[in-house]
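[1] this is a predicted model, with the sequence first.
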Amino acid sequence: MRKYFIALLMVALLFVAACSNSGETVTTATEAVTGSEETPTDAATMDETTTEDTTTPFTTAEDPCQSFNLVDDVLLSPVNDQVPAVSDADLVTGPADAKYTFITYSNFTCSHCANLEPVLIALQQLYPQDVRLVFRYVTTGSISTLSAQAVEAANLQGKFAEMKDTIFAAQATWWEFSDDEFRAWLDERATEFGMNVEQFNTDMDDENIANKITYNRSLVDELGITGTPTMFVNNRQYSPYQDRSIFTLATMLRAMGISDQLLGDCPTVSTDFKDDLQAVISTTQGDIVVDLYEDQAPNTVAYFKYLADNGWYDNSDIFISTDEYIVSGDPSNSLYGGPGFVFYNEISEGTMDEEGLLVSFNQLGTGYNSGLFMLTKGAVTDFSSDISIFGKVIEGLDVLSTLSDHPYSLDPADWIYDSILSITVQEK
C-alpha cells in the first residue's frame with residue numbers, strides 16, 4: 001500500500017497525468033480470439049480503491065527519516081524474470097550495449113500507445129548511446145494484426161521504424177477503415193518509403209510472419225499483459241500510476257544513473273550540537289562560508305552535515321543558476337535524485353528576501369527533503385516549495401555572484417559551467 005500512496009503523492013506533486021490499466025486498451029485472450037478492438041480513449045482514470053490521504057507529511061520531528069528512492073518506490077517494480085530476453089526476432093532501435101532497455105508492449109489501436117511512441121523516440125534521441133527501444137506488438141485482430149504484419153514486412157526492407165511511426169501518427173485517419181481500405185493505405189505508405197510494394201504485400205501474408213505474430217501473442221498472454229502500453233525498463237515494469245512524459249522518463253534515467261552514489265538507509269544523526277557550526281562550500285570559483293542555524297533548524301543542519309561528511313556533495317554540479325539563486329545537492333541534476341532516504345526539515349516561516357541564505361527544499365512534498373539546497377543571490381520572487389532556511393553566507397558573496405547562469409535542463413548535451421567541489425562542516 002505504501003507504493004500506491006507514494007505514487008498518488010507523485011501524481012499530485014510531480015508529474016502531469018496518471019494512467020491506470022482501466023484507462024488503457026485492454027488486450028485479453030478473449031479479444032485475441034474474437035478479434036474485437038477498443039475505441040481509443042484520451043482520458044485515463046485512477047482506481048479509487050488505491051486512494052489514501054496524501055496530506056500527512058512523510059517524515060516528522062518524531063519520525064525524521066524514511067528510506068526513499070524515486071525509482072524503486074515510485075516508478076519501477078522489481079525485476080520480472082519472466083520478461084522474454086531481447087532477441088534477433090525483436091524490433092529494436094538503439095545500441096545493444098545501451099544502459100537502459102525499454103521494452104514496450106503496444107497495440108496499434110491504442111491511443112495511449114500512439115501518444116507514447118514519439119516520447120520514447122525523443123528519449124532515445126536525447127540519450128542515443130544509453131537507451132535501446134524494443135517494440136513488441138500486442139495483437140487483437142483486424143487492423144491491429146494487419147499493422148503487426150505491416151511492420152514485420154517493412155522490417156524486411158529496413159523500414160520498420162518508418163512504418164511503425166506512420167501507423168501510430170495516422171491513427172485518427174485509419175481508425176474506421178475496413179481491412180481492405182487499410183491495406184490500400186499501407187501500400188501508399190510503402191510507396192512513400194521507397195519500398196518494393198509487391199514484395200511488401202507478399203511478405204505481409206507470408207506464413208512465417210503469421211506464425212511469428214501468433215507466437216508473440218502467446219508470449220504476451222504468458223507474461224500476463226493486461227493493458228497497453230505496458231513498459232519495462234531493464235525488465236522492471238514502469239508504474240501504470242505515473243505519466244509517461246519525456247520529463248518523467250528523463251528524470252527517471254537521471255535518478256537511475258546515480259545508483260552507485262546512494263548512501264543507503266536512514267543514518268543515525270545527532271542534533272545535540274555543543275558548538276556553533278559553519279559550512280565551507282568550495283566551488284570552482286572559490287569558497288563560500290556559511291553560518292549554519294543549528295539552533296533554529298537542528299534537524300536540517302544535522303542531515304546536511306551527514307551528507308557533507310559522507311561526500312554526497314563532492315563534485316556536484318550547480319545545475320541551476322539564475323540572477324536570484326543557485327541550486328545544487330543532487331548528483332542526478334534532476335531535482336529528484338536523493339541519497340536513498342528523505343528527512344524532515346524544519347519549515348521556515350520567513351521568505352527568501354535577501355542574498356546569501358542557505359535554503360533546504362524539495363520537490364516531492366512535505367517531509368521529502370533529500371539534501372537539495374539553494375543559495376540566494378538576492379530576493380527570490382517565485383518559489384512555492386516548503387523551505388527551511390538553515391544558514392547565512394558570511395564570506396564569499398562575491399563568489400556566489402560570479403557563478404554562471406544555467407537554466408534547468410535534462411539534456412545531457414547542455415554544458416554546466418560551475419560545480420561544488422566539496423562541503424566541509426566545522427565548528428567555529
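    Perfect, thanks for sending it.
[2] drop to CA atoms for contacts and neighbour counts, all remaining ones
    Will do.
[3] how near is the residue lying closest to residue 427 once chain neighbours are set aside to residue 104?
    Distances taken as C-alpha to C-alpha, 6 or more residues apart in numbering place residue 277 nearest to residue 427, at 4.6 Å, with adjacent residues excluded. Going from residue 277 to residue 104 by C-alpha to C-alpha, to the nearest Å gives 51 Å.
[4] ok, residue 367 next?
    34 Å.
[5] and what of residue 321?
    Residue 321 is 37 Å from residue 104, by C-alpha to C-alpha.
[6] and residue 119, by the same measure?
    12 Å.
[7] now residue 171. Its backbone dihedrals?
    phi -50, psi -40 (degrees, to the nearest 10).
[8] ah, wrong one, I meant residue 325
    The phi/psi pair for residue 325 (degrees, to the nearest 10) is phi -160, psi 170.
[9] correct me, but it touches residue 373?
    No: look at residue 325 against residue 373 with C-alpha atoms under 8 Å: they stay out of range, at 10.2 Å.
[10] follow-up on the earlier one: how about the contacts made by the residue nearest to residue 427?
    291-294, 425-428 (C-alpha atoms under 8 Å, 6 or more residues apart in numbering).
[11] okay, helices next: where are they in this structure?
    Secondary structure of the chain (DSSP state H): helices at 2-13, 29-34, 70, 111-126, 142-155, 160-169, 171-174, 179-192, 197-204, 207-223, 246-256, 298-309, 397-402.
[12] relative to residue 263, which of these is closest?
    helix 298-309 (8.6 Å; C-alpha to C-alpha).
[13] pLDDT (mean, whole number) over the closest one?
    Helix 298-309 shows an average pLDDT of 97 in the prediction.
[14] what is it packed up against?
    strand 387-395, strand 419-427 (3 or more C-alpha pairs under 8 Å, 6 or more residues apart in numbering; DSSP states H and E).
[15] just put those strands in a markdown table and tack on mean neighbour count.
    Below are those laid out as a markdown table (neighbours: other C-alpha atoms under 10 Å):
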| stretch | mean neighbour count |
| --- | --- |
| strand 387-395 | 22 |
| strand 419-427 | 18 |
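[16] quick one: closest of those to residue 185.
    The closest of the helices and strands packed on helix 298-309 to residue 185 is strand 419-427. By C-alpha to C-alpha, the value is 54.3 Å.
[17] next, the angle helix 298-309 makes with the closest one.
    Counting by axes from the mean of the first three to the mean of the last three C-alpha atoms, to 10 degrees, strand 419-427 points 120 degrees away from the direction of helix 298-309.
[18] so what's the residue count around residue 409?
    Per other C-alpha atoms under 10 Å, the neighbour tally for residue 409 reads 15.
[19] next: residue 412.
    Residues near residue 412, counting by other C-alpha under 10 Å: 12.
[20] and the pLDDT at it?
    According to the prediction, residue 412 has pLDDT 90.
[21] gap between it and residue 119?
    Taking C-alpha to C-alpha, one finds residue 412 at 17 Å from residue 119.
[22] ok, residue 356 next?
    40 Å.
[23] higher neighbour count, those two?
    residue 356 (26 against 16).
[24] point out where the stretch 51-200 of the chain drops to low pLDDT.
    For the stretch 51-200 of the chain, applying pLDDT under 70 flags the ranges 51-56.
[25] so what pLDDT did residue 225 get?
    Here, the pLDDT recorded for residue 225 equals 94.
[26] domains in this structure, by residue range?
    Using automatic domain parsing, the domain parsing of the chain gives 2-57+74-257, 277-427.
[27] of all these, which one is nearest residue 68?
    Nearest of these (C-alpha to C-alpha): domain 277-427, 4.5 Å.
[28] so what's the gap between the closest one and the chain middle?
    Centre-to-centre, domain 277-427 and its host chain are 23 Å apart (C-alpha atoms, centre = their mean, to the nearest Å).
[29] now the end-to-end length of stretch 333-341.
    First-to-last residue span, stretch 333-341, C-alpha to C-alpha: 17 Å.
[30] circling back to that earlier point, please produce a markdown table containing the helices and strands packed on helix 298-309, extended by distance to residue 267 and mean pLDDT.
    What follows is the helices and strands packed on helix 298-309, written out as a markdown table (distance: least, C-alpha to C-alpha, whole Å; pLDDT from 0 to 100):
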| stretch | distance to residue 267 | mean pLDDT |
| --- | --- | --- |
| strand 387-395 | 20 | 96 |
| strand 419-427 | 17 | 97 |
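[31] distance to residue 261 for these - can I get that in JSON lines?
    Putting the helices and strands packed on helix 298-309 into JSON lines (distance: least, C-alpha to C-alpha, whole Å) gives the following:
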{"stretch": "strand 387-395", "distance to residue 261": "25"}
{"stretch": "strand 419-427", "distance to residue 261": "15"}
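[32] ok, which of the ones you listed comes nearest residue 212?
    Closest among the helices and strands packed on helix 298-309, once you apply C-alpha to C-alpha, is strand 419-427, at 52.2 Å.
[33] just list what the closest one packs against, helices and strands only.
    strand 277-283, helix 298-309, strand 316-317.
[34] what angle sits between the second one and strand 387-395?
    What that stands for is helix 298-309. 60 degrees.
[35] before we move on, the earlier item: between the helices and strands packed on helix 298-309, which one is nearest to residue 270?
    strand 419-427 (14.0 Å).
[36] and the helices and strands packed on helix 298-309: which comes nearest residue 169?
    strand 419-427 (42.0 Å).
[37] could you give the angle of that closest one to strand 277-283?
    Using the same axes, to 10 degrees: strand 419-427 against strand 277-283 is 160 degrees.
[38] direction included, what does strand 419-427 pair up with?
    With DSSP bridges as the test, strand 419-427 is paired with strand 277-283 (antiparallel), strand 316-317 (antiparallel).
[39] other residues contacting the last one?
    The set of residues that contact strand 316-317 without belonging to it, under C-alpha under 8 Å, 6+ apart, is 328-331, 333, 416, 418-422.
[40] in JSON lines: those residues, plus distance to residue 307.
    Listed next are the contacts of strand 316-317 as JSON lines, based on distance: C-alpha to C-alpha, whole Å:
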{"residue": "328", "distance to residue 307": "13"}
{"residue": "329", "distance to residue 307": "9"}
{"residue": "330", "distance to residue 307": "11"}
{"residue": "331", "distance to residue 307": "12"}
{"residue": "333", "distance to residue 307": "16"}
{"residue": "416", "distance to residue 307": "22"}
{"residue": "418", "distance to residue 307": "20"}
{"residue": "419", "distance to residue 307": "16"}
{"residue": "420", "distance to residue 307": "13"}
{"residue": "421", "distance to residue 307": "14"}
{"residue": "422", "distance to residue 307": "11"}
